[in-house]
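A.B. asks: got a predicted model here, sequence first, then my questions.
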Amino acid sequence: MKRLLLIGASLVLMLSGCQLSRAAEPAVLEEAVDAVLKQQLSAFITDIVGGNSVILADDVFMQQAELYISQRMPLDAKGNPLDGRHALPAYRFVLLKSVRGCLIQHPASGNSALLTAARCKVLPVNTL
């Protein structure tokens with residue numbers, strides 16, 4: 001009986017280890033952003049930021065797994081910043097590598113999208 005429990009516990013530990021290794025990890029792109037990938041990234045980001053268009057650099061996600069986009073300052077009818085609206089947090093996006101491929105994620109909402117036009121590699125731990 002003890003032997004069965006030991007085997008069962010070992011099996012559970014092995015399976016949980018496999019699940020941990022399959023979790024999505026921070027990543028960087030292997031190649032420069034082409035038009036198709038830029039469109040996929042822009043579509044996801046634009047949806048998250050409420051329809052405001054964004055301009056992405058050609059080397060986005062090449063050096064870092066994170067991208068921060070500042071929120072547009074709300075203005076009054078005269079074009080002056082609204083009081084109390086100057087400390088809006090930036091939107092944070094993370095590039096992840098999973099068993100499915102490269103994903104872009106917005107951690108605050110939990111939304112993510114598979115980037116079919118991307119090739120990425122796991123970012124070494126010491127570069128985060």
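C.D. replies: Right, received. Where do you want to start? Numbers count the residues shown, from 1 in each chain.
A.B. asks: what is the mean pLDDT for stretch 100-117?
C.D. replies: The average pLDDT within stretch 100-117 is 95.
A.B. asks: equivalent analysis for stretch 54-70, please.
C.D. replies: 92.
A.B. asks: partner residues bridging the nearest residue to Val49 once chain neighbours are set aside?
C.D. replies: In this structure, Val49 finds its nearest non-sequential neighbour in Tyr91, 5.7 Å apart by C-beta to C-beta, 6 or more residues apart in numbering. C-betas here are computed from N, CA, C, even on glycine. Counting by DSSP bridges, Tyr91 is bridged to Ile69.
A.B. asks: before we move on, what about Leu96?
C.D. replies: Beta-bridge partners of Leu96, as defined by DSSP bridges: Pro26, Leu103.
A.B. asks: ok, it to Leu56 distance?
C.D. replies: 17 Å (C-beta to C-beta, to the nearest Å).
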